[in-house]
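In: What shape does this take:
(4 chains)
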There are 4 protein chains.
Amino acid sequence: MWSGTEVGYGVIKASIVGATGFTGMVLTRLLSAHPVVELDVLTSTAQVGRRVDEVFPHTRVPGEYVAYDAQRLGDSEFVFVCYPHAAAHPVVAELVDAGSRVIDLSADFRLADPAEYPRWYGFEHARPDLVAEAVYGLPEVYRDKISGARLVANPGCFPTASLLASLPLLREGGVGRMIVDAKSGVSGAGKTPTEKTHFSSVHDDFRAYGEVGHRHTSEMVQEAASAARTAVPVSFTPHLLPVDRGILVTVYLCPVGDGDSSGAGGLLSGAELFELYSRAYAHEPFVEVRAAAPALSEVQRTNFCRMAVRVDPAAGLYKVVAVIDNLVKGASGQAVQNFNIMAGLPETMGLEGEA
Amino acid sequence: MWSGTEVGYGVIKASIVGATGFTGMVLTRLLSAHPVVELDVLTSTAQVGRRVDEVFPHTRVPGEYVAYDAQRLGDSEFVFVCYPHAAAHPVVAELVDAGSRVIDLSADFRLADPAEYPRWYGFEHARPDLVAEAVYGLPEVYRDKISGARLVANPGCFPTASLLASLPLLREGGVGRMIVDAKSGVSGAGKTPTEKTHFSSVHDDFRAYGEVGHRHTSEMVQEAASAARTAVPVSFTPHLLPVDRGILVTVYLCPVGDGDSSGAGGLLSGAELFELYSRAYAHEPFVEVRAAAPALSEVQRTNFCRMAVRVDPAAGLYKVVAVIDNLVKGASGQAVQNFNIMAGLPETMGLEGEA
Amino acid sequence: MWSGTEVGYGVIKASIVGATGFTGMVLTRLLSAHPVVELDVLTSTAQVGRRVDEVFPHTRVPGEYVAYDAQRLGDSEFVFVCYPHAAAHPVVAELVDAGSRVIDLSADFRLADPAEYPRWYGFEHARPDLVAEAVYGLPEVYRDKISGARLVANPGCFPTASLLASLPLLREGGVGRMIVDAKSGVSGAGKTPTEKTHFSSVHDDFRAYGEVGHRHTSEMVQEAASAARTAVPVSFTPHLLPVDRGILVTVYLCPVGDGDSSGAGGLLSGAELFELYSRAYAHEPFVEVRAAAPALSEVQRTNFCRMAVRVDPAAGLYKVVAVIDNLVKGASGQAVQNFNIMAGLPETMGLEGEA
Amino acid sequence: MWSGTEVGYGVIKASIVGATGFTGMVLTRLLSAHPVVELDVLTSTAQVGRRVDEVFPHTRVPGEYVAYDAQRLGDSEFVFVCYPHAAAHPVVAELVDAGSRVIDLSADFRLADPAEYPRWYGFEHARPDLVAEAVYGLPEVYRDKISGARLVANPGCFPTASLLASLPLLREGGVGRMIVDAKSGVSGAGKTPTEKTHFSSVHDDFRAYGEVGHRHTSEMVQEAASAARTAVPVSFTPHLLPVDRGILVTVYLCPVGDGDSSGAGGLLSGAELFELYSRAYAHEPFVEVRAAAPALSEVQRTNFCRMAVRVDPAAGLYKVVAVIDNLVKGASGQAVQNFNIMAGLPETMGLEGEA
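Out: Numbers count the residues shown, from 1 in each chain, chains lettered A, B, ... in the order given. Got it, this is the predicted structure:
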């Protein structure tokens, strides 16, 4: 276990803007236990003056929430922003301009093309310069760029799982279509009570939502094309599980030119596919390729992504089943992983326990 | 509400062989409340002599379980067989030979080609003559043949949902691949306690199982080919939901010759697709095509299949989301529906309430 | 099964005021399937103009919600009022004054003493005359008065279970204290989304709430004293279960004068206790005394109350474990039971199925 | 966070006998992350040769299970025994005789009087000498004796929560009766699949079990009498929650001589009661007395016991609501706490994270 300051790392001040949502709560726990972080400011809009362990009794974290104050945040070398999309980018810009390095957990800097924001998120982006500068914070792809970045756009939860499940095959070329059937726990819908998150609407139930055109599709399309060096059609369907935390994606990767139903002609064997994925992630501290199909419980409250790969020769396609915790590897844990990279710390520091 | 015998239908004696599993339990409830059925014999192996309402305290059904006795069952005009695959077919054969009309809830007569049984179910079929005679009990397709049948092979739960979700498009032609991502409640795994059905293995969790080669694939392949009048590759992946009852299938139907990623060229519009499905099921008492995506809770404990259809133009495919209760439309309710057809009764008799 | 109008009962028009909460929804299902009821008006404040099966897709009930209109409701011989406490009583009064017979599912007429309303419910009662006239709608106690009543105060969910569990012993005399440890499903907290009913607050969790002074205590105290013909101290503690529907109460009944810890001296034996309860409920269609301790699942979606009784000689007290469905026997089913009694119908009419 | 060996503690070899149940699994996680423990031998009967992370994929603990071998265990200074009652005591005796210090998680040394074992656990104890020597491992009571003990009897999960909730009042004297209404998650029933732990038997359900005479009553009676210096009648009723982990007890403490229903005469005020409990646990690292009633989620996967205290003046009694994780403070975490005390380590070492 790390005991950071004893082994030569200096203390780093970090703050969280919008700390009272689910991602803010997990981030608060992770950073408060991080060996070299001094958790400085936790901002909130609705909970100013309340104690952390009053709002989240299970966290046992001291301190209380304060109102957002750019000046006060200026003392923090790193700031994590947990605002909703559209609301985040002015704050992020202000903080970056003031000299902090920012990890933005919203969607506001994930898409490389500013023109995509009106289309997918319904707002005109005020800072195309920062869009151009921001690094997409998927360490398994962009580790080198992340290390020097001023602004990291932390990926969405669904794209994190879906891309990790697809990248090795996408990079090989020949994937003609990517179908992502995703199942998410309720915490992904946020802490605000709605009819959709009422216990009686979710418990003992299951449904699809956003069946076509979910916003996270845009990230997948962007990164899939980047990996494949060509556009790859992506069909994405999220479903709502009666569990609190975790995402399981079942990704179907269909070869190009398979319309003739000729079957397994050019498919890799199961062993070759396993080898391809194992090699791709051999040095990744948080990606595990296993023989057995994974369950949510294997990654809940951790920063791991665990997956299994399958060839379906009769249907002429590949299947990858991958699991993450939506609030950890899908949000706050990955944000800490990015922070570690940016700060030159060991990448797993503060991420060994449960979150 | 039916009150059968008052409106001119005579009493029909029916029995259940293997009545103490989950499907047997639901069948017991349905038949004991059926307006014209006199529930005669309930057989069991492990529970002989125990009362129904002791084994299933919520059923409030009188009577007790007896050992299997072909002679005694001979009094029943109809017999429902709820044995596991391989174990069912000798019993079914004995009962049919003795003159009863049989609805077999196992897989033992679902596949038309006797050669498929060793491959998918690991046993050599002793009665190819009855395989040839048996009617696949999906009323929405085979209603006419069911009405006069001596032996009906009640479909599997996954095939029921998947086929109802796909048939209208399959019949149109042009489907090049069918991908079925299925999510099932735990009751589908049966009543025998195992590590996989332990509460602590399922609760707050989610996983895929039988990722390639699940036995129900064989039924889907057979019936998809029959509807499309050509072989259609089927990729089937079941997952285990932390709910007791219900199946949701998300079916992806990819057009033939779509390997060129040219997108939505030949796809139907959303309105055309909705019209196609609505027309196909306009006269079906238990199939509902809706604009909104369905949830399990809308069909739990009922014999309904409810579905919504979507076009994904960017990905060049169709999606159909369908829900059923695995123990009702996916098993015992469909068995009663088949019984009603065979007996010349109104098809919905005894199926209006909850089960 | 009843088929009311065929066996000589005339059609009865009934309406529901406040039909879009959980109790309104269950009442809508029950009345729409009731053999002699013509469901007339369903009022709502927030959902005017929406269809029932759009707001509650699983009900498959036709019709739509309209605004409250006393005149329009005047056509209904019976009106069920599902408003919150304090809001209900002016509406109830208006309807009774206009000539309808009313079953009020709120708390506004449950307490016999008008002075109790400010204390427990925080409002001054405007109609003490109707408080005096109203009958407490627990059929197992007040059946005779209910039959001729103009206004029935349908009991609370917790009092229903707790009183049925206690009355036979209370009537015997000698109960010195009644401790009710109650566990309720989430639907008891209503349909409005709040932080407390958010899936993530309830799932995989459990807690006590309203640990002292819950409003339902007042009903228990009133009816316990009435049964015992003397005041009986009642300690009531509700807890929130991660289930949707159902209440289980564990009631501890301590003998008077037991402070000397002298043990089981005057206690009934287990057999005597079972006999006492069995006799008390021998002719009750919806109360079942059983040897085995009951589970919620045995009564969910039904109008039954099922219980088991135990003597704990070492501790010198009795325990009764009782279960009901909070929305059926604890609310809407009991309301229909009261309606049946008021209308001179068989008491179980329309209550045989699931709700 | 501790980093034990760096701050002057030597490495301690410890082993687990019966490591593949739920308590063994949690103990394996805790000890494998403990700063000064070298986890030596993990024995199993059914899983010999299998890897830990294969049997428990979420643990990510290396190593594999071996058969029990007293000689091989002799190298361990400390041995934790996770066998069922009756089976544990010969093994414990063998290990103690061989010189190891043993923490026994079974019930086999919890009762001070050897005559109680036949009565409550159905076996004759072979080692009354070790019964006499064993220390009841509730650190909040017996910390001093634990530190030098060769054999610690780790308390049961229900007694741990119930006693911590009652001891301050019991010690004051004047408690005439203690009623424990306990609600436990399913993991308390163990890992072996049974009808009772089948998902379909527990999910969306709730029930009492062992309504009178549950074995854990014996521990409570023993320790309550010891604290009160007089016998206190205890009524204990466990219930089964549809959650995996956690116990909530609602304890009703009735004053002596309260049979006259004279009410709150001699009761403490709420503030006095809070003060009594706060003072009693002021220096306890794992007991938290709070104003707000606690939820299971506040202690799941931790070694904390959190509680709230209430006075119910109208009913003349006290209520204490307390929560623990049955597998941590109720079993394996408390075992590590006892180990820390025995080994002269800081009591919280290895118990700060989640388990």
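
In: C-alpha only now, for contacts and for neighbours.
Out: OK.

In: can you list the residues of the stretch 151-300 of chain A near chain B?
Out: Contact residues (C-alpha under 8 Å from any C-alpha of the partner chain) of the stretch 151-300 of chain A with chain B: A:176-177, A:181, A:203-209, A:211-212, A:232-235, A:241-244, A:248, A:255-261, A:293-297.

In: I only care about those residues that end up buried; give me the ChimeraX line for that.
Out: Listed next is the ChimeraX selection for buried residues among those, using 16 or more other C-alpha atoms under 10 Å in any protein chain shown:
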select /A:176,177,181,203,204,205,206,207,208,211,212,232,233,234,235,241,242,243,244,248,255,256,257,258,259,261,293,294,295,296,297
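
In: Kindly identify which of the residues of the stretch 151-300 of chain A next to chain B also come near chain C.
Out: Filtering these for proximity to chain C by C-alpha under 8 Å from any C-alpha leaves A:His203, A:Val243, A:Asp244.

In: Please look at the second one and B:Leu241 and confirm they touch.
Out: If I follow you right, that is A:Val243. No. A:Val243 lies out of contact with B:Leu241 (C-alpha atoms under 8 Å); the separation is 9.5 Å.

In: and for the two, which residues touch both?
Out: B:Asp205 (C-alpha atoms under 8 Å, 6 or more residues apart in numbering or on different chains).

In: Please list the residues of chain A that sit near chain C.
Out: Counting by C-alpha under 8 Å from any C-alpha, chain A sits next to chain C at A:186-187, A:191-195, A:197-200, A:202-203, A:243-244.

In: So A:Val309, which state does it fall into?
Out: Recorded secondary structure, A:Val309: strand (DSSP: H, G, I helix; E, B strand; the rest coil).

In: and it, how many neighbours?
Out: Look at A:Val309: counted by other C-alpha atoms under 10 Å in any protein chain shown, it has 27 neighbours.

In: In contact with it: list those residues for me.
Out: By C-alpha under 8 Å, 6+ apart, the residues touching A:Val309 are A:Gly270, A:Leu273, A:Phe274, A:Tyr277, A:Val289, A:Ala291, A:Tyr318, A:Lys319, A:Val320, A:Val321.

In: Okay, and the beta partners of the fifth one?
Out: Pointing back at A:Val289 there. Listed beta-bridge partners, A:Val289: A:Met307 (assigned using DSSP bridges).

In: which one among the ones next to chain C among the residues of the stretch 151-300 of chain A next to chain B gets closest to chain B?
Out: Chain B lies nearest to A:Val243 out of these, by C-alpha to the nearest C-alpha, at 4.8 Å.

In: Give me the pLDDT value at the closest one.
Out: At A:Val243, the model reports a pLDDT of 98.

In: Quick one: residues contacting it.
Out: Applying C-alpha under 8 Å, 6+ apart, the residues contacting A:Val243 are A:Ser184, A:Gly185, A:Val186, B:His203, B:Asp204, B:Asp205, B:Pro242, C:His203.

In: That one belongs to a strand, doesn't it?
Out: No. With three-state DSSP as the criterion, A:Val243 is assigned coil and is not in a strand.

In: Backbone dihedrals for it, please?
Out: The phi/psi pair for A:Val243 (degrees, to the nearest 10) reads phi -130, psi 160.

In: who does whichever helix in chain A runs longest touch, helix- and strand-wise?
Out: Of all segments of type helix in chain A, defined using DSSP state H, the longest is helix A:157-172. For helix A:157-172, the packing partners by 3 or more C-alpha pairs under 8 Å, 6 or more residues apart in numbering or on different chains; DSSP states H and E come out as strand A:175-184, helix A:216-228, strand A:247-255, helix A:270-280, strand A:305-312, strand A:317-324.

In: got JSON lines for the ones you listed, with mean pLDDT too?
Out: Listed next are the helices and strands packed on helix A:157-172 as JSON lines, based on pLDDT from 0 to 100:
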{"stretch": "strand A:175-184", "mean pLDDT": "98"}
{"stretch": "helix A:216-228", "mean pLDDT": "97"}
{"stretch": "strand A:247-255", "mean pLDDT": "98"}
{"stretch": "helix A:270-280", "mean pLDDT": "98"}
{"stretch": "strand A:305-312", "mean pLDDT": "98"}
{"stretch": "strand A:317-324", "mean pLDDT": "98"}
